[in-house]
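Undergrad: output the structure for:
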Amino acid sequence: FAQPYFQCTPPMLSATWFASNERATATATALNFNQIGIAVAFLVGGSMANNEVGIHSYFGLITLLCAVTTIGTVLQFQEKPPSPPSKSEIEKLVRG
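TA: This next block holds a predicted model:
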């Protein structure tokens, strides 16, 4: 269910926020950090979830990190940058 969001959001955000010569790097960075996050979750979860108490601690940690990230995103995220990052974005604004 969530895979389209993780795969489609980075190109959309990089097209909105980065110049054309920076978009490939921004997209690749976002997609690779998704994979790094999954790897870290496996490593941390594997070391914490040795028993029932460890599993509860792990889920508590994941819940806390997700809540902090969500709150930070909601408070700081803007729909678009204050000025267009590239000529193609200016053209999109002109066309409407």
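Undergrad: and the residue nearest the centre of the chain, what element?
TA: The centroid of the chain falls nearest to Ala30 when counting by Cα atoms, centre = their mean (6.2 Å). Element membership for Ala30 (DSSP states H and E) is helix 23-48.
Undergrad: low-confidence regions, this protein specifically.
TA: 1, 93, 96 (pLDDT under 70).
Undergrad: please enumerate the helices of it.
TA: For the chain, applying DSSP state H gives helices covering 3-17, 23-48, 52-76, 87-95.
Undergrad: between helix 3-17 and the longest one, find me the angle.
TA: Read that as helix 23-48. 140 degrees (axes from the mean of the first three to the mean of the last three Cα atoms, to 10 degrees).
Undergrad: helix 23-48 packs against which elements?
TA: When contacts are defined as 3 or more Cβ pairs under 8 Å, 6 or more residues apart in numbering; DSSP states H and E, helix 23-48 sits against helix 3-17, helix 52-76. In short, each C-beta sits where N, CA and C put it, glycine included.
Undergrad: try the third one
TA: For helix 52-76, the packing partners by 3+ Cβ pairs under 8 Å, 6+ apart come out as helix 23-48.
Undergrad: return the set of buried residues in the helix it packs on.
TA: Buried residues in helix 23-48, counting neighbours by 16 or more other Cβ atoms under 10 Å, are found at 23, 26-27, 48.
Undergrad: need the residues you listed in a markdown table (columns: distance to Met12).
TA: Shown next, in a markdown table, are these (distance: Cβ to Cβ, whole Å):
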| residue | distance to Met12 |
| --- | --- |
| Arg23 | 11 |
| Ala26 | 11 |
| Thr27 | 9 |
| Met48 | 34 |
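Undergrad: ok, Ile90 - contacts?
TA: Taking Cβ atoms under 8 Å, 6 or more residues apart in numbering, we find Ile90 in contact with Pro84.
Undergrad: same question but for Lys87, I mixed them up
TA: Neighbouring residues of Lys87 by Cβ under 8 Å, 6+ apart: Ser20.
Undergrad: gap between it and Ala39?
TA: 38 Å (Cβ to Cβ, to the nearest Å).
Undergrad: thanks a lot, see you next time.
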